[in-house]
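In: fold the following for me, if possible:
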Amino acid sequence: MSAGNDDEPVHDPLRAAKQDLDPILETFVYLYTESRRATKDLAREHGLTGPQVTVLKLLDAVGDLSLSELSERIKARNSTITGIVDRMQRDELVLRRRSQRDRRVIEIVLTPKGRQMARAIPVQPMQMFASALRALPPEDVEALRRILRTMSDHVRAQTEDPST
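Out: As a prediction, the model looks like this:
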């Protein structure tokens, strides 16, 4: 038989890996897209952007945060968060205040208007994900946590040093 015979099954490890990974990647894209769509729709209803809703909800849930802490929790660069916070401060949703714990640190604080808006906006994407996670057995949640942490570390390393 010749190497070009179409009747012979060809074992292509790259093709097999792609077939295994594609459904997982498609699921990530679906979850990301649906989360962004739901957040964007909610934000638009309140005259905000998706990232502004995220900042409002986060500050409402955890309290005042420095710019660096906010950036870390949202997984965005300080420069990106600075622009978001600038617009939110302009719209009187947040203010910058010197930390009482460490006078060198400036914290981002919700204004009463920002707190009211944060509480008026449901967190539909987070509620959907939380509900789906609660439906999983505890051992699957732990495995998922471990896998996602490993993936996040890998992506973070690649974005900090693209040669890796």
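In: pull out the buried positions in stretch 152-164.
Out: Within stretch 152-164, no residue qualifies as buried by neighbour count (16 or more other Cβ atoms under 10 Å). For glycine as for every other residue, the C-beta is placed from the backbone atoms N, C-alpha and C.
In: show me where the chain has strands.
Out: For the chain, the strands defined by DSSP state E cover 65-66, 94-98, 106-110.
In: how far does the first one sit from the chain's center?
Out: How far strand 65-66 lies from its chain's middle: 18 Å, per Cα atoms, centre = their mean, to the nearest Å.
In: could you list the paired strands of it along with their orientation?
Out: Sheet pairing for strand 65-66, assigned by DSSP bridges, gives strand 106-110 (antiparallel).
In: show me what counts as buried in the strand it pairs with.
Out: Glu107, Ile108, Val109, Leu110.
In: thinking again about what came up before, now mean pLDDT and distance to Ile24 too, for the strands of the chain, in JSON lines please.
Out: What follows is those, written out as JSON lines (pLDDT from 0 to 100; distance: least, Cβ to Cβ, whole Å):
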{"stretch": "strand 65-66", "mean pLDDT": "92", "distance to Ile24": "33"}
{"stretch": "strand 94-98", "mean pLDDT": "94", "distance to Ile24": "37"}
{"stretch": "strand 106-110", "mean pLDDT": "94", "distance to Ile24": "35"}
